[in-house]
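*Asks:* Give me the fold of what follows.
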Amino acid sequence: MTEIRHAALDDFDLAFDYIEKLWTYNTYDRDTGRRVYKSVLEGENDFAFFLYDDGKPVGFCHGTFFNTFWLSGQTCYVSSIITNAEARRKGYGRQLMDHAKSLAKARNCHAIVLDSGLPREDAHKFYEIYGFEKCAYCFEMKL
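*Replies:* Purely as a prediction, here's the structure:
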């Protein structure tokens with residue numbers, strides 16, 4: 001039986017583990033990560049939750065809501081969505097995305113957007129099957 005659990009402060013270690021697995025090309029400072037995580041949990045425009053199956057965590061999702069001229073209003077940005085490697089192709093990603101979609105609809109969002117690293121081809125297939133369309137390139141500049 002699966003269950004969505006909204007993230008709490010004492011879930012930080014679990015969330016941090018997921019973040020390190022999602023972006024393996026980055027290195028993370030645990031104290032900085034804890035501050036960011038706390039800020040997300042306290043933010044009125046942020047969300048973070050886990051998916052559990054039979055009491056064991058199988059996935060994590062984090063995002064934020066913001067206004068944009070591009071999509072003419074409230075938009076949901078899914079910043080992180082990841083399932084355990086051994087638990088893929090079991091519908092957990094869909095359940096995570098379905099919950100994010102429910103949160104977005106409750107906030108009257110016009111769209112959900114996300115970006116994904118170029119090497120994550122399996123994830124891209126999932127997003128397209130789910131209903132996302134490729135619409136842009138993502139660029140970053142570290143400061």
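*Asks:* Which strand or helix spans the nearest residue to His6 once chain neighbours are set aside?
*Replies:* Excluding the flanking residues, the one nearest His6 by CB to CB, 6 or more residues apart in numbering is Phe49, at 4.8 Å. From N, CA and C alone the C-beta is placed, and that goes for glycine too. Following DSSP states H and E, one finds Phe49 within strand 46-53.
*Asks:* Quick one: mean pLDDT for that strand?
*Replies:* Averaging pLDDT along strand 46-53 gives 98.
*Asks:* C-terminal to it, what's the next element?
*Replies:* Criterion used, DSSP H and E; the element after strand 46-53 is strand 56-68.
*Asks:* follow-up on the earlier one: the residue nearest to His6 pairs with what?
*Replies:* Taking DSSP bridges as the rule, Phe49 bridges to His6, Cys61.
*Asks:* residues in contact with it?
*Replies:* Neighbouring residues of Phe49 by CB atoms under 8 Å, 6 or more residues apart in numbering: Ile4, Arg5, His6, Ala7, Phe60, Cys61, His62, Leu96, His99.
*Asks:* Need the buried ones from those residues selected in ChimeraX.
*Replies:* For the buried members of the contacts of Phe49, the matching ChimeraX selection, counting by 16 or more other CB atoms under 10 Å, is:
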select :7,60,61,62,96,99
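*Asks:* So for the residue most central in space within the chain, what's the pLDDT?
*Replies:* Centroid-nearest residue in the chain: Ser80, 2.7 Å away (criterion: CA atoms, centre = their mean). Looking at Ser80, its pLDDT stands at 93.
*Asks:* Kindly report the same for Leu22.
*Replies:* Taking Leu22 on its own, its pLDDT is 81.
*Asks:* Next, count neighbours for it.
*Replies:* Leu22 has 18 neighbouring residues, counting by other CB atoms under 10 Å.
*Asks:* close enough to count as contact, it and Thr83?
*Replies:* No. Leu22 is not in contact with Thr83 according to CB atoms under 8 Å; the separation is 10.2 Å.
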